[in-house]
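Trainee: from the sequence below, what's the structure:
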Amino acid sequence: MALFKKQTAGKPGEWYYCLKHQKVEEGPECPAKDRFGPYASRAEAGRAMDTAQERNLEWETDPRWHDKQGGNGTDAPES
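Mentor: Down below sits the predicted model:
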């Protein structure tokens, strides 16, 4: 008999999107490495993949996150 049971972090009322099973879970049911969340509602967790895609697109097109192309691989102007 095990003295300590491994419990997944989280609590009822928190919603997660499981990447492994591709479904919304309350609780959570799966390990943290396999999920997005927590989200405040089931609907918000259901949009997790869309939200991630939107955030990735914002990051990819945000000029603050990309170096200016100066030809020498830095932000500094060429001499």
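Trainee: where exactly do the helices run in this structure?
Mentor: With DSSP state H as the criterion, the chain has helices at 42-46, 48-61.
Trainee: buried deepest among those helices, which one?
Mentor: helix 42-46 (a mean of 15; mean count of other C-beta atoms under 10 Å). Every residue, glycine included, has its C-beta placed from N, CA and C.
Trainee: now that helix, how far from the centre of its chain.
Mentor: Relative to its chain's centre, helix 42-46 lies at 13 Å (C-alpha atoms, centre = their mean, to the nearest Å).
Trainee: wait, what's in contact with the closest residue to residue 42 other than its chain neighbours?
Mentor: Spatially, and ignoring its direct neighbours in sequence, residue 42 is nearest to residue 15 (5.2 Å; C-beta to C-beta, 6 or more residues apart in numbering). If a contact means C-beta atoms under 8 Å, 6 or more residues apart in numbering, then residue 15 has 24, 25, 26, 37, 38, 39, 40, 41, 42, 44, 45 as its contacts.
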